[in-house]
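> mind looking at a prediction? Sequence and model below.
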Amino acid sequence: MNGLRRYWIPVVVLVLLLGSIVAVAPATRAAAAPPPVSTLVAIRAAYHPEARPRYDRVVFEFSGPVPQVDTHYVNQLIHDASGLPVKITGKAILGLSMRPAQAHNDAGKLTAPTRIKYGLRNVKEVASAGDFEGVLSYGIGLAHTSQTRVFTLAHPSRVVIDFLNP
């Protein structure tokens with residue numbers, strides 16, 4: 001029994017020491033990669049008279065995953081970087097921000113228009129209001145406020161905004 005006790009105590013001490021080393025060792029985790037930034041490659045708009053109700057549709061097309069989108073009516077379109085107003089045709093303005101998204105490539109070259117005029121029933125103009133640190137902002141100038149329908153589509157990635165016309 002004494003011989004067993006002589007080996008048993010060092011084994012217990014060794015197990016306790018190893019356990020404390022494992023418990024103190026920092027856990028290593030892989031750093032979460034930031035989500036890929038989508039690049040805006042096209043903006044389109046069209047009137048859909050065959051639908052009921054009729055509507056104007058604006059489509060923002062991206063390469064990469066569909067970005068998150070936030071829309072809201074604003075009194076004035078403000079440029080993100082300067083804080084200065086952006087001129088836009090229309091009596092109402094729908095502002096939108098999309099993230100993570102950009103409208104330029106790695107060399108800084110624009111990949112989408114910054115301003116497009118339309119002669120639709122409600123949609124009059126689409127204008128850029130910012131492209132900074134993964135946040136892409138645009139405004140849509142309208143003849144009047146209207147009910148909107150905002151949704152996204154994949155393959156290709158698109159943000160779609162319908163403006164219902166009474």
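That came through, no problem.
> where does Val58 sit, in terms of helix or strand?
Secondary-structure assignment from DSSP states H and E places Val58 in strand 55-63.
> tally of neighbours for Pro85?
By other Cβ atoms under 10 Å, the residues close to Pro85 number 12. From N, CA and C alone the C-beta is placed, and that goes for glycine too.
> report pLDDT for it.
Pro85 is assigned a predicted lDDT (pLDDT) of 97.
> any idea how far it lies from Asn75?
Between Pro85 and Asn75 the distance is 10 Å, computed by Cβ to Cβ, to the nearest Å.
> report the set of residues contacting both of these two.
Counting by Cβ atoms under 8 Å, 6 or more residues apart in numbering, Pro85 and Asn75 have no contacts in common.
> give me the next element, helix or strand, following the least confident helix or strand in the chain by mean pLDDT.
Across the helices and strands of the chain, the lowest-confidence element by mean pLDDT, DSSP states H and E is helix 2-24, at a mean of 52. Next in sequence after helix 2-24, counting helices and strands by DSSP H and E, comes strand 38-48.
> now that following strand and strand 55-63, what's the angle there?
Note on geometry: by axes from the mean of the first three to the mean of the last three Cα atoms, to 10 degrees, strand 38-48 and strand 55-63 are set 160 degrees apart in direction.
> okay, buried residues for strand 38-48 please.
Of the residues in strand 38-48, those buried under the neighbour-count criterion (16 or more other Cβ atoms under 10 Å) are Ser38, Thr39, Leu40, Val41, Ile43, Ala45, Tyr47.
> can you redo these as a markdown table with pLDDT?
Written out in a markdown table, the entries for the buried residues of strand 38-48 read as follows (pLDDT from 0 to 100):
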| residue | pLDDT |
| --- | --- |
| Ser38 | 96 |
| Thr39 | 97 |
| Leu40 | 98 |
| Val41 | 98 |
| Ile43 | 98 |
| Ala45 | 98 |
| Tyr47 | 96 |
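> next, format the residues you listed as a markdown table and append distance to Ala81.
As requested, the buried residues of strand 38-48 are arranged in a markdown table below (distance: Cβ to Cβ, whole Å):
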| residue | distance to Ala81 |
| --- | --- |
| Ser38 | 20 |
| Thr39 | 19 |
| Leu40 | 17 |
| Val41 | 22 |
| Ile43 | 20 |
| Ala45 | 25 |
| Tyr47 | 33 |
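> out of the residues you listed, which is nearest to Lys124?
Closest approach between those and Lys124, by Cβ to Cβ: Ala45, at 9.8 Å.
> ok, what's across the strand from the residue lying closest to Arg44 once chain neighbours are set aside?
Closest residue to Arg44 in three dimensions, ignoring its sequence neighbours and counting by Cβ to Cβ, 6 or more residues apart in numbering: Val59, at 4.7 Å. Applying DSSP bridges to Val59 gives these bridge partners: Arg44, Val160.
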